[in-house]
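Student: Here is the input, now give the coordinates:
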Amino acid sequence: MSDQKFRRYDHSELRLGEQSKTILLRNLLEGLGFKFSGADVLTGLSGLHHAFDAIGTKGPNILLVVGGAEHPDTKERHKWNPRARMEDWRNNALLSVYDVQSALVQEGLIVDLMFFHNINYTLRRLSENKDFKDWIIEIGLPHDVELSYSISVNEIPLMSTEELANVAQSIGASFLTLDSLSVEEIILLTRQEIATGAKSNISDILAKLRLLQYFEPPTDELLLSAYDLSRSQNKDLPQIVYDASQSLGHEPSANVLVPSADFRDPLSTAQALERNKYIEFTHDVEITDSGFRVTQSIRKTAQGSFVIRVLNSLGLPELAKAIVKAIKGE
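Tutor: Here you go, the predicted structure:
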């Protein structure tokens, strides 16, 4: 018999337990200026009850952190099929947000959505001989993290975080995945008490994840994203988008691309963007079989997701759908 070597596929996942997940989301939501009220079960318009990983409030805005319920039987059934498990997670998350958002909007609340994917694949490069429990203690991760490690001679089907981010963007939600955080950042964010000096580190993490830009969009990025996604040549768009952002409780913040322009003046900001060749009004819109062809610079970001919300709020749902289809390559 030959010494043929078979290719081996390995798959590992780090998940936060309920206590550390709550602490991490509390630190992030409070860093965004929301009052954190923890996990909760809310009733949707259908009468069904839906569990959310966290709820945040800020004035008339309510932030729902959607984790996607993963039932024990589903987890067992898809034990060796992570992609099927994630598809089930996605479907549950979408059902929850559509159902509960409809009910809350009827109550006069402005609903912000955040999809939270509680998986980090940091461990995939570690040897299977590594003692994970000792490793957790050694580096300072919370004791309630869950670790799984599997090996297969067949390729293990996975659902990429980009696919999940597309789902979030399609409904105008921000997207947070544990896989975007380093182990050091997870350790920082799961501390019960955050030192005063470390709070600026949380702001840096929020900026890196582009969550700050979702909740407090720089005026120039907001306008650039709106022009980029809508392909509009309407010069009234700056004021319209700026006003829509304010009405949704997302106050525009200082410009980052054209800092010398007054960010409180959307028209002045748009003119500065045009002078610096960030936007032009002379190009043609290319229509393909999949819809509008859009540039790739802001795909799958919280900023782009928020612009989808703005377009929907302006009564342009068909345009938003066409944009999302183009982004997803349909």
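Student: what ranges of the stretch 201-330 of the chain fall below the confidence cut-off?
Tutor: In the prediction, the stretch 201-330 of the chain carries residues with pLDDT under 70 at positions 231-233, 280-305, 311, 313-330.
Student: Neighbours of the closest residue to Arg26 other than its chain neighbours, how many?
Tutor: Of all residues beyond its chain neighbours, the one nearest Arg26 is Phe36 (4.6 Å), with distances taken as Cβ to Cβ, 6 or more residues apart in numbering. Any C-beta I mention is one placed from the backbone N, CA and C, and that applies to glycine too. Using other Cβ atoms under 10 Å, Phe36 has 18 other residues around it.
Student: any idea of the mean pLDDT in the one helix or strand Thr57 maps to?
Tutor: When secondary structure is defined by DSSP states H and E, Thr57 falls within strand 54-58. Strand 54-58 comes out with an average pLDDT of 94.
Student: who does it touch, helix- and strand-wise?
Tutor: Counting contacts by 3 or more Cβ pairs under 8 Å, 6 or more residues apart in numbering; DSSP states H and E, the secondary-structure elements packed against strand 54-58 are helix 18-31, strand 35-36, strand 61-66.
Student: His49: what's it in contact with?
Tutor: Taking Cβ atoms under 8 Å, 6 or more residues apart in numbering as the criterion, His49 is in contact with 41-43.
Student: what does Arg264 give?
Tutor: So Arg264 contacts 219, 252 (Cβ under 8 Å, 6+ apart).
Student: Deepest-packed of the helices and strands packed on strand 54-58, please.
Tutor: Mean neighbour counts were compared across the helices and strands packed on strand 54-58 using mean count of other Cβ atoms under 10 Å; the top stretch is strand 61-66, at a mean of 23.
Student: Quick one: list the elements packing against whichever strand or helix holds Val97.
Tutor: Secondary structure from DSSP H and E places Val97 in helix 82-106. Using 3+ Cβ pairs under 8 Å, 6+ apart as the contact definition, the elements that helix 82-106 packs against are strand 40-43, strand 49-52, strand 61-66, helix 72-77, strand 110-117, helix 161-170.
Student: Could you rerun that using 10 Å?
Tutor: Contacting helix 82-106 under the criterion 3 or more Cβ pairs under 10 Å, 6 or more residues apart in numbering; DSSP states H and E are the following elements: strand 9-15, strand 40-43, strand 49-52, strand 61-66, helix 72-77, strand 110-117, helix 161-170.
Student: Buried residues, it. List them.
Tutor: For helix 82-106, burial by neighbour count (16 or more other Cβ atoms under 10 Å) applies to 82, 85-90, 92-97, 99-101, 103-104.
Student: cool, stretch 172-192 as well?
Tutor: For stretch 172-192, the neighbour count (16+ other Cβ under 10 Å) marks 172-181, 183, 185-186, 188-190 as buried.
Student: Need the distance between the two termini of it.
Tutor: With Cα to Cα, to the nearest Å applied, stretch 172-192 spans 31 Å between its terminal residues.
Student: who touches the nearest residue to Asn61 once chain neighbours are set aside in this structure?
Tutor: Residue nearest to Asn61 in three dimensions, not counting chain neighbours: Gly249, with 4.2 Å by Cβ to Cβ, 6+ apart. Taking Cβ atoms under 10 Å, 6 or more residues apart in numbering as the criterion, Gly249 is in contact with 58-63, 110, 112, 215.
Student: Make a markdown table from those residues and add distance to Val153 to it.
Tutor: As requested, those are arranged in a markdown table below (distance: Cβ to Cβ, whole Å):
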| residue | distance to Val153 |
| --- | --- |
| Lys58 | 51 |
| Gly59 | 55 |
| Pro60 | 55 |
| Asn61 | 50 |
| Ile62 | 48 |
| Leu63 | 44 |
| Ile110 | 51 |
| Asp112 | 45 |
| Phe215 | 46 |
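Student: Helices of the stretch 101-250 of the chain, residue ranges please.
Tutor: Listed from the start of the chain, the stretch 101-250 of the chain has helices (DSSP state H, counting those that start in this stretch) covering 132-139, 161-170, 183-189, 199-208, 211-215, 219-230, 237-247.
Student: quick one: the fourth one to helix 18-31, angle?
Tutor: Between helix 199-208 and helix 18-31, the angle formed by their directions is 90 degrees, by axes from the mean of the first three to the mean of the last three Cα atoms, to 10 degrees.
Student: Which strands and helices lie in contact with helix 199-208?
Tutor: Helix 199-208 makes packing contacts with helix 18-31, helix 183-189, helix 211-215 when contacts are defined by 3+ Cβ pairs under 10 Å, 6+ apart.
Student: ditto for the third one
Tutor: The elements that helix 183-189 packs onto, with contact taken as 3+ Cβ pairs under 10 Å, 6+ apart, are helix 18-31, helix 132-139, helix 199-208.
Student: Using PDB, list the CA coordinates for the shortest one.
Tutor: If I follow you right, that is helix 132-139. Taking only C-alpha atoms (Å, rounded to 0.1, in the frame of the first residue of the first chain), the coordinates of helix 132-139 have been written out as PDB:
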ATOM      1  CA  PHE A 132      -6.600  25.300  24.800                       C
ATOM      2  CA  LYS A 133      -7.500  25.600  28.400                       C
ATOM      3  CA  ASP A 134      -3.900  26.400  29.400                       C
ATOM      4  CA  TRP A 135      -3.700  28.800  26.500                       C
ATOM      5  CA  ILE A 136      -6.800  30.700  27.600                       C
ATOM      6  CA  ILE A 137      -5.500  31.200  31.100                       C
ATOM      7  CA  GLU A 138      -2.000  32.000  29.800                       C
ATOM      8  CA  ILE A 139      -3.100  34.900  27.600                       C
END
